[in-house]
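Participant: what follows is a predicted protein model with its sequence.
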Amino acid sequence: MTLQACAPKSQEDCGFVQNVYGERISWKSDVPVTMYLHADVPDSMVQAILSAAETWDRTVGRKIFNIVTYPRVTGPVNPHQDGKNIIYFMKTWEANRTSEQGRTSVYWVGDLIKEADIRLNAADFGYYWRSQTLSAAAKSDRANLPPVNVEALVLHEMGHVLGLKHKDNGGSVMATYLASGDDRVSLANTDETALRCEY
Ligand SMILES: [Zn+2]
């Protein structure tokens, strides 16, 4: 079939999400990725977010994230495809997904990522950074649960922004679940190896 003859060659996944042709999706040379913060993200979390971005920069060996801390994105908390990469602090979350600490939506064309938005679940989880409590879960019945390290969560979600998928071995920051109290703020060797396939 002509269509098959025109399809690009499938690639090793290298830890990346792949498109329907089996090609890794990433930003390719279109970095640094500029990310904005919604106005609802607490000021006390900005340093943790910057620290997570720097960890990716350091590992790649060049600037891969450009975090715009000012001005903030104002308006409704309504993540959607709008041409801007935004980190949202969500005080409401789907009732049937309460175990989900965060979520990253990635939009791509061909094998090139065009936009990614991060949602932090502030409804069901409280957050801390470097032994300081930053926020409590918005839902009162969740307020007494142990908090999550926000730098560790953002580090993981930023991996999704770069195109990485979940990896539950090798101590990867892309492990599906982050336990409360787990200070997983450094990348593992397996994460470095994965990055080198695309960045
Ligand atoms: Zn994830």
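Facilitator: Nice, I can see it.

Participant: residue 50 belongs to a strand?
Facilitator: No - when DSSP: H, G, I helix; E, B strand; the rest coil is applied, residue 50 is found to be helix, with no strand at that position.

Participant: the chain: strands as residue ranges?
Facilitator: Assigned strands in the chain, in chain order: 33-38, 65-73, 85-90, 102-109, 112-121, 127-129, 132-135, 148-149 (criterion: DSSP state E).

Participant: OK, contacts around residue 166?
Facilitator: 174-176 (CB atoms under 8 Å, 6 or more residues apart in numbering). Every residue, glycine included, has its C-beta placed from N, CA and C.

Participant: how near is residue 66 to residue 40?
Facilitator: With distances defined as CB to CB, to the nearest Å, the gap from residue 66 to residue 40 amounts to 21 Å.

Participant: then residue 187?
Facilitator: Distance from residue 187 to residue 40, counting by CB to CB: 28 Å.

Participant: which one of these two is surrounded by more residues?
Facilitator: Residue environment comparison for residue 187 versus residue 40 gives the larger neighbour count to residue 187, 21 against 16, counting by other CB atoms under 10 Å.

Participant: pretty sure that one sits against residue 54.
Facilitator: No - with contact defined as CB atoms under 8 Å, residue 187 does not count as touching residue 54 (11.4 Å).

Participant: rewinding a little: top of the contacts of residue 166 by number of neighbours, please.
Facilitator: Tallying neighbours with other CB under 10 Å puts residue 174 at the head of the contacts of residue 166, with 21 neighbours.

Participant: contact partners for that residue?
Facilitator: Taking CB under 8 Å, 6+ apart as the criterion, residue 174 is in contact with 15, 156, 159-160, 164-167, 191, 194.
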